[in-house]
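Chemist: Predicted model follows, preceded by the sequence.
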Amino acid sequence: MRASTNSALIRALGVELKVCRLERGLTQEDLAARADLDRPYVTLIEAARKQPTLSVLHRLATALELPLGVFLTRVERRYLDTPENL
């Protein structure tokens, strides 16, 4: 399977991940530890340079104490609010 070419969606995911992390007062290291991931991987997701699998998204949402559906809804809202999608 090829990676998505929808860069706006990948950016929205990275931004929303960072926003959720900061709302909870977590560092990238904190989030990575909670999700059992490497900190550089979290950095790359936030920078829209990596596309996580569904299982990784679930681990991140759980680490943020958010249901996966709520987290993905936030990502979708951010994506739909980007200037190129208005």
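Modeler: Nice, thanks for sending it over.

Chemist: Regarding the residue lying closest to Y41 once chain neighbours are set aside, what is its secondary structure?
Modeler: Leaving aside its sequence neighbours, Y41 sits nearest to K50 (C-beta to C-beta, 6 or more residues apart in numbering; 6.5 Å). C-beta coordinates here come from the backbone N, C-alpha and C atoms, glycine included. Three-state call for K50 (DSSP: H, G, I helix; E, B strand; the rest coil): coil.

Chemist: what sits against the residue nearest to the spatial centre of the chain?
Modeler: By C-alpha atoms, centre = their mean, the chain has its centre lying nearest to L17, at 3.6 Å. Going by C-beta atoms under 8 Å, 6 or more residues apart in numbering, L17 touches 42, 45-46, 60.

Chemist: circling back: close enough to count as contact, the residue nearest to Y41 and V42?
Modeler: No - at 9.2 Å, K50 does not count as touching V42 under the criterion of C-beta atoms under 8 Å.

Chemist: ok, those two, which is more surrounded?
Modeler: Set side by side, K50 and V42 show more neighbours around V42, with 28 against 17, by other C-beta atoms under 10 Å.

Chemist: ok, that one to L26 distance?
Modeler: 10 Å (C-beta to C-beta, to the nearest Å).

Chemist: For the chain, which segments are assigned as helices?
Modeler: Under the criterion DSSP state H, the chain contains helices at 7-23, 28-35, 39-46, 54-63, 68-80.

Chemist: Kindly present the ones you listed as a markdown table, with separate columns for mean pLDDT.
Modeler: Shown next, in a markdown table, are the helices of the chain (pLDDT from 0 to 100):
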| stretch | mean pLDDT |
| --- | --- |
| helix 7-23 | 97 |
| helix 28-35 | 98 |
| helix 39-46 | 98 |
| helix 54-63 | 98 |
| helix 68-80 | 98 |
